[in-house]
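In: Structure for this input, please:
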Amino acid sequence: MSTAHLAIDLGASSGRAIVGILAGQPRRLRLEEVHRFEHLASPTPAGPVWDITGIWQSVLTGLRAGAAWCRENDIELQTVGVDTWGVDWALLGKSGELLALPHCYRDPQNEIASQRALKRLGGFDRLYERTGIQLLPFNTLFQVAARYEQEPKLFDAADRLLFLPDLLSFWLSGKVATERTIASTSSIISVETGDWDYELLEQLGLPTHIFGPIVEPGTTLGPLRGEVAEATGASSAIQVVASASHDTASAVAAVPATDNSSWAYVSSGTWSLLGAELGSPLVSDAARAIPFTNERGIGQTVRFLKNIAGMWFVQQYRQDLGKEGESWDFAQMTSEAESADPFRTLVDPNASDFATGGNMVEKMRDFARRTEQPVPESVGQAVRCWLESLAFSYRHTLEQLESVVGQTFDVLHIVGGGIQNKLLNQMTAEAIGRPVICGPVEATAIGNVLVQAMGSGEVADIAELRQIVARSSELERYEPGDRKVNSEAAERFLKLCSETV
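Out: This next block holds a predicted model:
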């Protein structure tokens, strides 16, 4: 008997509705994309905001398409769950009314507010000790501080703060709830209690009444609201599940680690997140110095990870080439990189030079001149420079991770869209000197779907979830082989990173 679960998977520029079908014994999963859409933040005099009603309409379209597909294929659609990017939020009044448009995390007001908040707290060290979250000016804590400075009366009228997946789940089900993995991105969760750090909020003079109870990933919120079922043609028996609502939490849940090997992971896409799954937060001085962040995962686990610039440069460079009238696809760019000279030029992918889009190759050339390296001239040289630098960044971060947690990892699992670049996968295996297992590509949607299945009792736990992923996915294994990492190039990369801190 087949059953289906619908993942609403939202990134910060696009979204998808994907049906996950579980069938057979042992259970296997297959995916069917039924809707895809784009969305953008809009500039307003108060700052950039999300078109949340437009996103909601796209969610309804996805639900309508998912329900129709399941009817046509005679499969029961049991649940629906939402995941999104982290940190962004909205305020509800007591009636459930949305009080203002949610701001985009790229709001420049957040930078100023973060500096004021840190000064009031006595510096980042004290904040990290309390929350274990890396310092990013758009963390929810600083966003709330920025909005409270601008519109304090808005908070007087507010009854509840909800993160964006919580808001969409509320509109689907009518149930107000805050899911743990998305809440953990906020820099407001205490590492000691796992609950809101109300003392921290009070110290910053921020309201505490808007933060409600936190539920675990996989919690069933209730059936679709009648109005939603009627508008979409979906069954009112479909349950809304607070899945692993942060997209990275869903992706990490889908890491197909099924043996006794010790493993680390990379969630690879526009950005890469490299880390390990821990049983409790780690907020040591060494962890803070790097920094590693402590976000919550499935089954009381901690996603101990570091953000790394991923395929961002290549994506932006392709756009730049298109604006100049040159049409390149990613496969062509990678092919050119494969034939370019190795280790000719290296950069620090996390340098501020590459933090914003536009003129990416010129930024790379400026970096090369500044560090007295050959300037990339061709597309192949530029892309190879980035991919080799990214592989060395994985190597360096993995070494930092092993040093901080006090253990070595046998294998590196890479999930997400970035694994489609096979050249980078092989470079990574050679850089870290150990096997790399790649897959699945659709890790976020898979994690979302299978955590829903856990919530409905169809999947027992995270171990069974990962077994389903492993047997349902085409995994590729990359070995370092006889090609050892170029030690001189590795040392040069580390020197570049130390110079650009």
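In: C-alpha only now, for contacts and for neighbours.
Out: OK.
In: who's in contact with residue 344?
Out: Residues counted as contacts of residue 344 (CA atoms under 8 Å, 6 or more residues apart in numbering) are 373-374, 381, 385.
In: what do you get if the cut-off is 7 Å, keeping everything else the same?
Out: Listed by CA atoms under 7 Å, 6 or more residues apart in numbering, the contact set of residue 344 reads residue 374.
In: so which helix or strand takes in it?
Out: Under the criterion DSSP states H and E, no helix or strand holds residue 344.
In: which residues does the residue lying closest to residue 22 once chain neighbours are set aside contact?
Out: Nearest residue to residue 22, sequence neighbours excluded (CA to CA, 6 or more residues apart in numbering): residue 29, at 4.7 Å. Neighbour list for residue 29: 20-23, 468, 472 [criterion: CA under 7 Å, 6+ apart].
In: could I get the residues you listed as a markdown table with distance to residue 185?
Out: Converted to a markdown table, the contacts of residue 29 look like this (distance: CA to CA, whole Å):
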| residue | distance to residue 185 |
| --- | --- |
| 20 | 26 |
| 21 | 30 |
| 22 | 30 |
| 23 | 34 |
| 468 | 27 |
| 472 | 30 |
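In: so of these, which ones are in helices?
Out: Using DSSP state H to define helices, the subset of the contacts of residue 29 located there is 468, 472.
In: Would you write a PyMOL line that selects the buried entries of the contacts of residue 29?
Out: One line in PyMOL is enough to select the buried ones among the contacts of residue 29; burial here means 16 or more other CA atoms under 10 Å:
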select buried, resi 20+21+22+468+472
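In: Distance check, the residue nearest to residue 22 against residue 491.
Out: 43 Å (CA to CA, to the nearest Å).
In: The closest residue to residue 32 other than its chain neighbours and residue 69, how far apart?
Out: Closest residue to residue 32 in three dimensions, ignoring its sequence neighbours and counting by CA to CA, 6+ apart: residue 19, at 5.1 Å. Between residue 19 and residue 69 the distance is 9 Å, computed by CA to CA.
In: Who has more neighbours out of these two?
Out: Each of residue 19 and residue 69 has its neighbours counted (other CA atoms under 10 Å); residue 19 has more, 31 against 17.
In: what sits against that one?
Out: 4-7, 31-33, 66.
In: from those, which ones fall inside strands?
Out: Counting by DSSP state E, the contacts of residue 19 place 4-7, 31-33 in strands.
In: Quick check: residue 274 is in a strand.
Out: Yes. Per DSSP: H, G, I helix; E, B strand; the rest coil, residue 274 lies within a strand segment.
In: Show me the strands in the stretch 1-150 of the chain, by range?
Out: Taking DSSP state E, counting those that start in this stretch, the strands of the stretch 1-150 of the chain run over residues 3-10, 14-23, 28-38, 41-42, 49-50, 76-83, 89-92.
In: Each with direction, which strands does the fourth one pair with?
Out: For strand 41-42, sheet partners with direction are given as strand 49-50 (antiparallel), following DSSP bridges.
In: again with the longest one
Out: The pairing partners recorded for strand 28-38 under DSSP bridges are strand 14-23 (antiparallel).
In: got the CA positions of the strand it pairs with in CSV?
Out: The C-alpha trace of strand 14-23 is given here as CSV (Å, rounded to 0.1, in the frame of the first residue of the first chain):
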residue,chain,number,x,y,z
SER,A,14,11.9,30.0,-5.0
GLY,A,15,9.6,27.3,-3.7
ARG,A,16,8.4,23.8,-4.6
ALA,A,17,5.6,21.4,-3.7
ILE,A,18,6.8,17.9,-3.8
VAL,A,19,4.8,14.7,-3.1
GLY,A,20,6.7,12.0,-1.4
ILE,A,21,5.3,8.5,-2.0
LEU,A,22,6.2,5.6,0.4
ALA,A,23,5.6,2.2,-1.0
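In: now that strand against strand 3-10, angle please.
Out: In terms of direction (axes from the mean of the first three to the mean of the last three CA atoms, to 10 degrees), strand 14-23 departs from strand 3-10 by 160 degrees.
In: Distance from the chain centre to strand 14-23, please.
Out: 18 Å (CA atoms, centre = their mean, to the nearest Å).
In: so it versus strand 76-83, what angle?
Out: Going by the same axes, to 10 degrees, strand 14-23 makes 140 degrees with strand 76-83.
In: So which residue is dead centre in the chain?
Out: When CA atoms, centre = their mean is applied to the chain, the residue found nearest the centroid is residue 248 (3.6 Å).
In: For that one, give me the pLDDT.
Out: You'll see residue 248 listed with a pLDDT of 96.
In: For residue 210, see how far away it is.
Out: Residue 248 sits 25 Å away from residue 210, going by CA to CA.
In: same question, residue 396
Out: 40 Å.
In: Also residue 295?
Out: Separation of residue 295 from residue 210 (CA to CA) stands at 21 Å.
In: of those two, who's got more company?
Out: residue 295 (29 against 17).
In: Please name the bridge partners of the more buried one.
Out: Listed by DSSP bridges, the beta-bridge partners for residue 295 are residue 303.
In: how about it, what does it touch?
Out: Listed by CA under 7 Å, 6+ apart, the contact set of residue 295 reads 181, 184-185, 302-304.
In: What score does it have for pLDDT?
Out: For residue 295, the pLDDT comes out at 97.
In: measure it to residue 244 for me?
Out: Distance from residue 295 to residue 244, by CA to CA: 12 Å.
In: which neighbours do those two share?
Out: Residues touching both residue 295 and residue 244 (CA under 7 Å, 6+ apart) are residue 181.
In: where exactly do the strands run in the stretch 351-500 of the chain?
Out: Counting by DSSP E, counting those that start in this stretch, the stretch 351-500 of the chain has strands at residues 411-415, 436-438, 476-478.
In: Confirm for me that residue 343 is in contact with residue 489.
Out: Yes. Contact criterion CA atoms under 7 Å: residue 343 and residue 489 qualify, at 6.3 Å.
In: Just the element for residue 288, please.
Out: helix 285-289.
In: Could you tell me which residues within stretch 260-273 count as buried?
Out: By neighbour count with 16+ other CA under 10 Å, stretch 260-273 contains the buried residues 263-273.
In: again, but for stretch 301-319
Out: 301-319.
In: how much distance is there from that stretch to the middle of the chain?
Out: Relative to its parent chain, stretch 301-319 has a centroid offset of 9 Å by CA atoms, centre = their mean.
In: ends of that stretch, how far apart?
Out: Length of stretch 301-319, first residue to last, CA to CA: 38 Å.
In: just stretch 462-480 next, same as before
Out: Terminal residues of stretch 462-480 lie 30 Å apart, using CA to CA.
In: and what of stretch 91-98?
Out: Stretch 91-98 end-to-end distance (CA to CA) = 6 Å.
In: cool, and stretch 226-238?
Out: Note: stretch 226-238 ends 11 Å apart using CA to CA.
In: in the stretch 251-400 of the chain, which ranges drop under the pLDDT threshold?
Out: Nowhere does the stretch 251-400 of the chain drop to pLDDT under 70.
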